[in-house]
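**Q** Got a predicted model here, sequence first, then my questions.
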Amino acid sequence: MSAAEGPLVVGVDTSTQSTKALVVDVATGEVVASGQAPHTVSSGAGRESDPLQWWDALREALHQCGDAAREAAAVSVAGQQHGLVTLDAQGAPVRPALLWNDVRSAPQAGRLVEELGGPKAWAERTGSVPGPSITVTKWAWLAEHEPESVRATASVRLPHDYLTGLLTGLGTTDRGDASGTGWWASGTEAYDEEVLGHVGLDPALLPRVVRPGEVVGTVRDSGDLPFAKGTLVAPGTGDNAAAALGLGLRPGTAVLSLGTSGTVYAVSTRRPADPTGTVAGFADARGDWLPLACTLNCTLAVDRVAALLGMDREAVEPGTSVTLLPYLDGERTPALPHASGLLHGLRHDTTKGQLLQAAYDGAVHSLLGALDLVLDEDADRSAPLLLIGGGARGKAWQETVRRLSGRAVQVPEAKELVALGAAAQAAGVLTGEDPAAVARRWNTARGPILDAGERDEAALARIAGVISDAAPLLEREADQR
């Protein structure tokens, strides 16, 4: 470990696939140690994970950090959003957590929207129109399909809340993650009792929503964690809000995050309320807002297409007139929860590389379609798009975003921005600084800029036409095929 100039903090990212921990020097932003351990996710109709494995993965990741973790003065946990964690009276999981990409609650989502005033009312109430990703729909699904699990539940948490609670022994969450539940009202910044009453969820089961910058507790005495007793614990937040902190985002700068899911977002000072449901009106972790559009199918879907073709993910070829909609897990943007992948325009001379490029095009088209809705009217649409996430360093992803957006693309050199954002939040509770200002001081957004090129309007129009023409097929439920 190199000599640190200032105190050390730990930032944690508990994502869909793994938990990562970074030990960061508050003075310089240098990552002095890191660790990572994997998770498993169920396959089939649902997407579930045992929360206990998140705790095991956190302990393993922290132990990989060695002595540096023992010297940390503060820690913060960021995590995958929306997941429904149900705990019994002893704090043990009642059942595996229903993850954000479990779309079995699509029928419940539709009914909730209709029963509580329609899309516009929901957008004004909670900032978002609930789709099957939103936590309240998962609770409604659980109540309908597993009432015995609901009866056994003594507390309800989100993934980051669960780990923060194991660290502190307290039940807390933050406004950023709470805003993705569907039961937190963005106008009043409090739990919505009407929504909770409608789905039969006692507000006493929910965690306290702490203020940005509040110390939520200290690490309790636990012999299996490499923390000193009394280490400060920050509020934590959802993964996208943490990445926004990690970049030190100012209002109006657009971010495309290419991970298991794909997201487009920007910090805004205005509370969003999109009645179409395309943009989720999330809160950020500081006191502003984080309008966001999400696609279910991004890097994982494109990698699956590459695997089916027996190709390296970078082996794309230009010149394709094929359209491939990689909706392998249904889709959220556009709202097609029952869709599956669709291929159109295949010819004798179509190559495997062109098919793979079409998968990239289909995934990026979904993200760019929501970009104008995410940005405020006064945002600079000529500024570079910040490209982050696991796919951001792939040349095929970079070139596809450049070609279909017609905008310059900046790829930050900093890795693990969610964990870095959590570290900046931990630094903020330690020093009293604005965590976004901490990240700007660390210069986390620094990275090469790829010049803008001509926008591929023909490809965009072709993909949009296929989506429109295939709407009846894409909207069918699986048992209708």
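**A** The structure has been received and is ready for your questions. Keep in mind that what you see is a predicted model, and the values were worked out from it rather than measured. Numbering: from 1, shown residues only.
**Q** Where does pLDDT dip in the stretch 201-350 of the chain?
**A** For the stretch 201-350 of the chain, residues meeting the criterion pLDDT under 70 lie at 222-223.
**Q** quick one: the helices in it?
**A** For the stretch 201-350 of the chain, the helices defined by DSSP state H, counting those that start in this stretch cover 239-247, 299-309.
**Q** now the strands for the stretch 1-150 of the chain?
**A** Along the stretch 1-150 of the chain, counting by DSSP state E, counting those that start in this stretch, strands occupy 8-14, 18-25, 31-38, 48-49, 72-79, 85-87, 97-98.
**Q** Can you tell me who residue 72 pairs with across the strands?
**A** residue 8 (DSSP bridges).
**Q** and the end-to-end length of stretch 73-84?
**A** When the termini of stretch 73-84 are compared using CA to CA, to the nearest Å, they are 30 Å apart.
**Q** brain fart, stretch 20-37
**A** By CA to CA, the extent of stretch 20-37 from end to end equals 7 Å.
**Q** Likewise for stretch 112-128?
**A** One end of stretch 112-128 sits 12 Å from the other (CA to CA).
**Q** neighbouring contacts of it?
**A** For stretch 112-128, the surrounding residues in contact (CB atoms under 8 Å, 6 or more residues apart in numbering) are 129-130, 134, 136-137, 140, 179-180, 182-187, 192, 194-195, 198-199, 271-277, 279-283, 289. C-beta: built from backbone N, CA, C; applies to glycine.
**Q** Please, a ChimeraX command that selects the buried ones among these?
**A** The buried residues among the contacts of stretch 112-128 can be selected in ChimeraX (16 or more other CB atoms under 10 Å) with this line:
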select :129,130,134,136,137,140,179,180,182,183,184,185,186,192,195,199,272,273,274,277,279,280,281,282,283,289
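**Q** can I get the strands of the stretch 1-150 of the chain in CSV with mean neighbour count?
**A** Shown next, in CSV, are those (neighbours: other CB atoms under 10 Å):
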stretch, mean neighbour count
strand 8-14, 30
strand 18-25, 26
strand 31-38, 19
strand 48-49, 20
strand 72-79, 30
strand 85-87, 23
strand 97-98, 26
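**Q** re earlier: tell me the most buried of the helices of the stretch 201-350 of the chain?
**A** Ranked by average neighbour count under the criterion mean count of other CB atoms under 10 Å, these are headed by helix 239-247 at a mean of 31.
**Q** Am I right that residue 466 is in contact with residue 325?
**A** Yes: proximity of residue 466 to residue 325 meets the contact threshold set by CB atoms under 8 Å, at 6.9 Å.
**Q** export the strands of the stretch 1-150 of the chain to a markdown table and tack on mean pLDDT and distance to residue 156?
**A** Listed next are these as a markdown table, based on pLDDT from 0 to 100; distance: least, CB to CB, whole Å:
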| stretch | mean pLDDT | distance to residue 156 |
| --- | --- | --- |
| strand 8-14 | 97 | 17 |
| strand 18-25 | 97 | 21 |
| strand 31-38 | 97 | 25 |
| strand 48-49 | 96 | 16 |
| strand 72-79 | 97 | 15 |
| strand 85-87 | 98 | 6 |
| strand 97-98 | 98 | 11 |
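**Q** Tell me which of the ones you listed lies nearest to residue 56.
**A** strand 31-38 (7.3 Å; CB to CB).
**Q** partners of the closest one, with directions?
**A** Sheet pairing of strand 31-38 (DSSP bridges) gives strand 18-25 (antiparallel).
**Q** what angle do the partner strand and strand 8-14 make?
**A** 160 degrees (axes from the mean of the first three to the mean of the last three CA atoms, to 10 degrees).
**Q** Residues contacting strand 18-25, please?
**A** Residues from elsewhere that reach strand 18-25, judged by CB under 8 Å, 6+ apart: 4-6, 8-13, 30-39, 54, 57-58, 60-62, 64-65, 68-69, 71-72, 416, 418-420, 423, 427.
**Q** from the chain's centre, how far out does that strand sit?
**A** Offset of strand 18-25 from its chain centre (CA atoms, centre = their mean, to the nearest Å): 17 Å.
**Q** got it, and stretch 403-415?
**A** Chain-centre distance of stretch 403-415: 19 Å, with CA atoms, centre = their mean.
**Q** hmm, back to that, between residue 466 and residue 325, which is the more surrounded one?
**A** Between residue 466 and residue 325, residue 325 has the larger neighbour count (other CB atoms under 10 Å), namely 28 against 21.
**Q** ok, that one touching residue 469?
**A** No: applying CB under 8 Å as the test, residue 325 and residue 469 come out as separate, 11.4 Å apart.
**Q** Give me the common contacts of residue 466 and residue 325.
**A** Both residue 466 and residue 325 are contacted by residue 342, under the criterion CB under 8 Å, 6+ apart.
**Q** Report the buried residues of stretch 444-458.
**A** 444-445, 447, 450, 456.
**Q** So what touches it?
**A** 29, 246-248, 384, 386, 398, 402-414, 417, 420, 439.
**Q** Tell me which entries of these lie within strands.
**A** Under the assignment DSSP state E, the contacts of stretch 444-458 contribute 386, 409-410 to strands.
**Q** which ones are touching the closest residue to residue 232 other than its chain neighbours?
**A** What sits nearest to residue 232 in space, not counting adjacent residues and going by CB to CB, 6 or more residues apart in numbering, is residue 74, at 4.0 Å. By CB under 8 Å, 6+ apart, residue 74 lies in contact with 7, 9-10, 231-234, 426-427, 429-430.
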